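>>> quick check, what structure comes out for this input:
(chains A and B)
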Amino acid sequence: MSSGLYIHIPFCVRKCPYCDFYSVTDRAGAGNYIDAVLGELKNYNEKFDTIFIGGGTPTSIGKELVRLCEALPDAEEFTVEANPGTVDTELLKALKSAGVNRLSFGVQSFNDNELRALGRIHTAVQAEEAVSMARTAGFDNISVDLMLSTPFQTAKSVKKNLEKVRELGLDHVSAYSLIIEEGTPFYGAELPLPSEDEEREIYWLTHDFLEDMGLKQYEISNFARPGRECRHNIKYWTLEPYIGLGAAAHSYHGGRRCGNAPDIAAYVRGGGRNVGSEVVDENERLRERFWLGLRMTGGIAYNGEFPDEVGKLVKKGLLERADGRIRLTKKGIDLANLVFMEFV
Amino acid sequence: MQRNIRNFSIIAHIDHGKSTLADRLLELTGEVESRDMEDQLLDNMELERERGITIKARAVRLNYRAKDGQDYVLNLIDTPGHVDFNYEVSRSLAACEGALLVVDAAQGIEAQTLANTYLALDHNLEILPVINKIDLPSARPDAVAQEIEDVIGIPAMDAPRISAKQGINIEEIPEYIVNNIPAPAGDPEAPPRALIFDSYYDSYKGVIVYVRVMDGRFRPGMRIRFMAGGGEFDVVETGYLVPDGTRPAAELSAGEVGYIAASIKTVRETQVGDTVTDAENPAAEPLEGYRKVNPMVFCGIYPADGARYNDLRDALEKLQLNDASLSFEAETSVALGFGFRCGFLGLLHLEIIQERLEREFNLDLVTTAPSVVYRVVKTDGEELMISNPTNLPSPAEINYMEEPVVTAHIFVPKDYVGAIMELCQERRGVYKDMTYVDADRADLHYELPLNEIIYDFFDALKSRSRGYASFDYELQGYEKSDLVKLDILLNGDMVDALSFIVHSSKAYARGRRIAEKLKESIPRQLFEIPIQAAIGGKIIARETVKALRKDVLAKCYGGDITRKKKLLEKQKEGKKRMRQVGSVELPQEAFMSVLKLDE
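This is a model prediction of the structure:
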């Protein structure tokens, strides 16, 4: 079986005030970092059918990113995350010829007010231009991230964002709700956020709109034209192996979960590798199959495991059974943690 | 030698430096090397250190060679420092001939100090004022000395002026004790009598009884009798209480302070205040002043996890080994399952026990609102003492009800008198009188219903006086009162553990406030939850917890499943601590929300 390969690029032009992923804005060490990543890759002899380069902002280290992609083997799905403010046609063309065949743009919104409130470095116009540059560069598999429930957002403004998605003819959307994380500047700040009820309205409006335009929901936060689902991300939910390279990247490999420390300096020196290694035994694997697999809207095959938990959740209207499978109901999607909690 | 013994205690308001002074005395008499000193040696329970208060009485024997060239034995009997433990204080004082009255040179006399000083005067103790903290920039030792003379009426101008913290003038203290506190009286040849001032349970020796011998002698091999408790035991060991524990001695004779071990299994056999005598040659009369201590405050304590009921019982039994004033009996709540109705001396005592159960026995608890004991006279003449609101008969069966009332003294700077009088008024206080302690401070005397002061009165007092007010009370008796039972309904079902008894004039406001508080503390659930407050079936307040709309974590950081799992585990852990009451999940705080209405 082939594995997925994830590479974390922990560099950004500027840190967004809501983001708690590991990244730094000093990009001077990018060259050494990429060398270290290519060094770590040599530890593995797998075949990779999917590659995903995420961040941070991979495109914030343009040339080094191209060097990395050129050094990597080809894969059936090869995604790079891109910030619309850090791309031009030249860079995108270089990535294309280095084997990248899928782009995931961190657009978040097509509304400048919302972008400003999120502290993003790009504008709505730049986002649109980035998509057309990508097409010019030869990409046909393009995804955008949209952020829901952001400051100042309303049902009306979300609809406008979605109309733009339709207009641009995109085949894949990841729609994440803003989560205020401890330790970020947004934490404790007084933000004009939609209420819990408005948030759900926005979520379901997004869902219905995307489904109507043919982008089917396949995971709690992901929508795609059939055949355009992100194969790499699906591996996370279906317990397929993946290897993470780079600082703060995680792996599920050889029946173990482990991760590299979020520390670029240590990583470049060859330290902080594969820490917190945990064996996923049979029991744990079964549990994971449930609480991770149920994120997929198609659900999971069900053969009577966890009868008490499943029975209770079905009774509460959070899970439904059909054709030997179980899956989240609409209410179950809203309250997915209550479902997952039963299986961890 | 009896005439070279000095038995004394230290009276001080909280934070006025009692424990620090005790530490310095230990150092000075060479009982503890300074390098071995752990600060505040006497407060050796972790909780005592944290809260800066003494919970258990204890004693320590110090050897001192005075300037007259003679060797003296100084027995320091440390007393608990809180109004909850007034009776224990009185017994510790009864074991002494004198007391150091430690007063903070900046703050002056406080209500607690005065209350204990009066207790000491009642026992004819020689009161030796000591002015502490003279190193503070705000110290005003002359004014404080004057205050002591004016308020207590004892000479204080020559009182030692010390700083226990800085070690200033500490050497004056032992001389002061030797020269001013009388040697103990008592006849070593008379039938033996010893006063119990505390006891604790040792897993090897059984109960170690702390005593002051008044007459006669106690030695191993003797058969002793507890005159009030009635138990008889053979003495295995006698000895002295020293800083690092116990030191066996061949006998304890009249005037001495020490311990008796007699393979006694529970502290209930050795009630504080009881008299120990020789079973073969008993004293004719016990020592004066024994009374059985009755709990004043009750609450239900339940294991958060019903499966740990037996662990909770074992833990309560273990704590009771050392705490005769803790009472408990099994009870059942529809909402909470099996648990215990526990009785305490006061709210501090309650908090301490609750904290010790959680810390030392690793138990998660659900505690119901504390209640005082109400006297109910039914229409058929039957009289009931009710400590659990659930057991209150229906209004039709009640002729009348009485509630406990205390007489309280509040010391407060004159600027806050208005605010504190207002507070007492709100708490249904009856004004008795007011005197001025000095030009700036008043002693407010009120009668207050106990159920108005057990919850948050002390906090309110502190906040309305910017921390300057101090407070002391004692139970006065029972008075007729117009009381009603307030019930709480969640999703239409009454939750027995949330019911409580309240004065009718306050029921509406309280009901509304509780409904609001519960709304804040109950997390949203799958369905909408109406919260209602009711008196005798009549709804007086209503709030609603809206249904949970969203609980989903969307993103996943580069395949970091472990982090996601930890978040879910944490959430699951929180849910586990919730209590399923009918169809509703209640967090533990909800049961206490009926208390914290001012926050």
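
>>> and stretch A:150-166, what's its mean pLDDT?
Within the predicted structure, the mean pLDDT of stretch A:150-166 is 95.

>>> in that stretch, which residues are buried?
The neighbour-count check on stretch A:150-166 (16 or more other CB atoms under 10 Å in any protein chain shown) flags A:Thr150, A:Pro151, A:Phe152, A:Gln153, A:Ser157, A:Val158, A:Asn161, A:Leu162, A:Lys164, A:Val165 as buried. Using the backbone N, CA and C atoms, a C-beta is placed for each residue, glycine as well.

>>> any chance of those in CSV with distance to A:Pro241 as columns?
Shown next, in CSV, are those (distance: CB to CB, whole Å):
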residue, distance to A:Pro241
A:Thr150, 35
A:Pro151, 39
A:Phe152, 42
A:Gln153, 37
A:Ser157, 40
A:Val158, 36
A:Asn161, 35
A:Leu162, 35
A:Lys164, 37
A:Val165, 32
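
>>> export the residues you listed to JSON lines and tack on secondary structure and distance to chain B?
Converted to JSON lines, the buried residues of stretch A:150-166 look like this (DSSP: H, G, I helix; E, B strand; the rest coil; distance: CB to the nearest CB, whole Å):
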{"residue": "A:Thr150", "secondary structure": "coil", "distance to chain B": "13"}
{"residue": "A:Pro151", "secondary structure": "coil", "distance to chain B": "17"}
{"residue": "A:Phe152", "secondary structure": "coil", "distance to chain B": "19"}
{"residue": "A:Gln153", "secondary structure": "coil", "distance to chain B": "15"}
{"residue": "A:Ser157", "secondary structure": "helix", "distance to chain B": "19"}
{"residue": "A:Val158", "secondary structure": "helix", "distance to chain B": "15"}
{"residue": "A:Asn161", "secondary structure": "helix", "distance to chain B": "17"}
{"residue": "A:Leu162", "secondary structure": "helix", "distance to chain B": "17"}
{"residue": "A:Lys164", "secondary structure": "helix", "distance to chain B": "21"}
{"residue": "A:Val165", "secondary structure": "helix", "distance to chain B": "18"}
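
>>> these: which two are farthest apart?
A:Pro151 and A:Val165 (20.6 Å; CB to CB).

>>> list the buried residues in stretch B:194-209.
The neighbour-count check on stretch B:194-209 (16+ other CB under 10 Å) flags B:Ala194, B:Leu195, B:Ile196, B:Phe197, B:Asp198, B:Ser199, B:Tyr200, B:Tyr201, B:Gly206, B:Val207, B:Ile208, B:Val209 as buried.

>>> and if you look at stretch A:300-309?
A:Ile300, A:Tyr302, A:Phe306.

>>> can I assume the first one is in contact with A:Phe290?
Yes. Between A:Ile300 and A:Phe290 there is a contact at 6.7 Å, judged by CB atoms under 8 Å.

>>> just the ones of the buried residues of stretch B:194-209 in strands?
With strands taken from DSSP state E, the overlap with the buried residues of stretch B:194-209 comprises B:Ala194, B:Leu195, B:Ile196, B:Phe197, B:Asp198, B:Ser199, B:Tyr200, B:Tyr201, B:Gly206, B:Val207, B:Ile208, B:Val209.

>>> in TSV, list those residues along with distance to A:Glu77 and pLDDT.
What follows is these, written out as TSV (distance: CB to CB, whole Å; pLDDT from 0 to 100):
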residue	distance to A:Glu77	pLDDT
B:Ala194	88	96
B:Leu195	86	95
B:Ile196	82	93
B:Phe197	81	90
B:Asp198	76	86
B:Ser199	76	84
B:Tyr200	72	82
B:Tyr201	70	83
B:Gly206	75	89
B:Val207	76	90
B:Ile208	76	90
B:Val209	80	93
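
>>> nearest to B:Tyr259, out of the residues you listed: which one, please.
B:Ile208 (5.0 Å).

>>> give the contact list for the closest one.
By CB atoms under 8 Å, 6 or more residues apart in numbering or on different chains, the contact list for B:Ile208 reads B:Ser199, B:Tyr200, B:Tyr201, B:Asp202, B:Thr246, B:Tyr259, B:Ile260, B:Ala261.

>>> and residue 225, how many neighbours?
The chain I'm using is chain A. Look at A:Arg225: counted by other CB atoms under 10 Å in any protein chain shown, it has 17 neighbours.

>>> please go with chain B instead
17.

>>> just the helices in chain B please.
If DSSP state H is used as the criterion, the helices of chain B fall at B:18-28, B:46-51, B:86-94, B:111-122, B:141-152, B:172-180, B:309-322, B:347-360, B:417-426, B:450-453, B:457-464, B:504-521, B:561-576, B:588-592.

>>> dump those into JSON lines; add distance to chain A as well.
JSON lines is the format used below for these (distance: least, CB to the nearest CB, whole Å):
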{"stretch": "helix B:18-28", "distance to chain A": "39"}
{"stretch": "helix B:46-51", "distance to chain A": "27"}
{"stretch": "helix B:86-94", "distance to chain A": "45"}
{"stretch": "helix B:111-122", "distance to chain A": "40"}
{"stretch": "helix B:141-152", "distance to chain A": "45"}
{"stretch": "helix B:172-180", "distance to chain A": "51"}
{"stretch": "helix B:309-322", "distance to chain A": "23"}
{"stretch": "helix B:347-360", "distance to chain A": "25"}
{"stretch": "helix B:417-426", "distance to chain A": "33"}
{"stretch": "helix B:450-453", "distance to chain A": "37"}
{"stretch": "helix B:457-464", "distance to chain A": "25"}
{"stretch": "helix B:504-521", "distance to chain A": "15"}
{"stretch": "helix B:561-576", "distance to chain A": "5"}
{"stretch": "helix B:588-592", "distance to chain A": "19"}
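
>>> sec struct for A:Leu205, please.
Under DSSP: H, G, I helix; E, B strand; the rest coil, A:Leu205 falls in the helix class.

>>> and the pLDDT for it?
96.

>>> residues contacting it?
Neighbouring residues of A:Leu205 by CB under 8 Å, 6+ apart: A:Ala155, A:Val158, A:Lys159, A:Leu162.

>>> with B:Val297 instead?
B:Gly343, B:Phe344, B:Leu345, B:Gly346, B:Leu347, B:His349, B:Leu350, B:Pro370, B:Ser371, B:Val372, B:Ile454.

>>> equivalent analysis for B:Val376, please.
By CB under 8 Å, 6+ apart, the residues touching B:Val376 are B:Glu383, B:Leu384, B:Met385, B:Ile386, B:Leu392, B:Pro393, B:Ile398, B:Met401, B:Glu402.

>>> which among those residues gets closest to chain A?
Nearest to chain A among these: B:Leu392, at 36.7 Å, using CB to the nearest CB.

>>> my guess is that closest one contacts B:Arg375. True?
No. Counting by CB under 8 Å, B:Leu392 sits too far from B:Arg375 to count as a contact (11.6 Å).

>>> pLDDT on stretch A:290-308, on average?
Averaging pLDDT along stretch A:290-308 yields 96.

>>> first to last residue in that stretch, what's the distance?
Using CA to CA, to the nearest Å, the end-to-end distance of stretch A:290-308 comes out at 14 Å.

>>> please apply the same query to stretch B:154-161.
In stretch B:154-161, first residue to last residue: 16 Å (CA to CA).

>>> so which bits of that stretch are buried?
Using 16+ other CB under 10 Å as the burial criterion, the residues of stretch B:154-161 that qualify are B:Ala156, B:Ala159, B:Pro160, B:Arg161.

>>> quick check: phi and psi on the second one?
Recorded main-chain torsions at B:Ala159 are phi -60, psi 140, according to degrees, to the nearest 10.
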